[in-house]
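Novice: Pasted the sequence and its predicted model underneath.
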Amino acid sequence: MAARKKSARKKTARRKSRARKTTRRKRAAGDLAKRVDKTISDLTKEIDKRMKPLRQELDKAERKAGTEAARVLREARKRLNDVELKGGSDFQKFLRQRRRDLSKALTGLSEAVRPTRKRSRR
């Protein structure tokens, strides 16, 4: 049996060692990426958890503001309709038409700012 050359054994050992180092680096990088992903996921959940009450409060304030604006517009429309029209018949006709137009515009605005209600599923 012929003896193996030393240099061949060293080359093989170096290749195996290099392969192990590369595998270790890849595995370490993969583990680090997993830890970072988990940390980011945990932070996202924590932020969502803390933001939920603020979002609910904001939605509530939005609905309240919309309701209040709708109420003010309805009141303005009522007061507009209570205004007494004076003047000649042509002028009164003109004023009635303008009042009707304004009333429609106020009604449309009132409906636009009023918050929509959630519909229940049946």
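Specialist: Here it is on my side, so go on.
Novice: Can you report how many residues lie near Asp42?
Specialist: 10 (other Cβ atoms under 10 Å). The way it works is simple: take the backbone N, C-alpha and C, and place the C-beta from them, glycine included.
Novice: next one: the one 5 residues further on
Specialist: A count of nearby residues for Ile47, using other Cβ under 10 Å, gives 10.
Novice: Now it: which helix or strand?
Specialist: Element membership for Ile47 (DSSP states H and E) is helix 6-82.
Novice: elements contacting the following helix or strand past that helix?
Specialist: Using DSSP H and E, the helix or strand that follows helix 6-82 in sequence is helix 89-113. Other elements packing on helix 89-113 under the criterion 3 or more Cβ pairs under 8 Å, 6 or more residues apart in numbering; DSSP states H and E are helix 6-82.
Novice: I'd like the average pLDDT over the helix it packs on.
Specialist: Confidence for helix 6-82, expressed as mean pLDDT, is 82.
Novice: can you give me how far that helix is from the chain middle?
Specialist: Taking Cα atoms, centre = their mean, to the nearest Å, one finds helix 6-82 lying 13 Å from the centre of the chain it belongs to.
Novice: what angle do it and helix 89-113 make?
Specialist: 150 degrees (axes from the mean of the first three to the mean of the last three Cα atoms, to 10 degrees).
Novice: From what I see, Leu95 and Gly88 are in contact.
Specialist: No. Using Cβ atoms under 8 Å as the test, Leu95 is too far from Gly88 to be in contact (10.3 Å).
Novice: Show me which of those two is the more surrounded one.
Specialist: Per other Cβ under 10 Å, whichever of Leu95 and Gly88 has more neighbours is Leu95, with 14 against 8.
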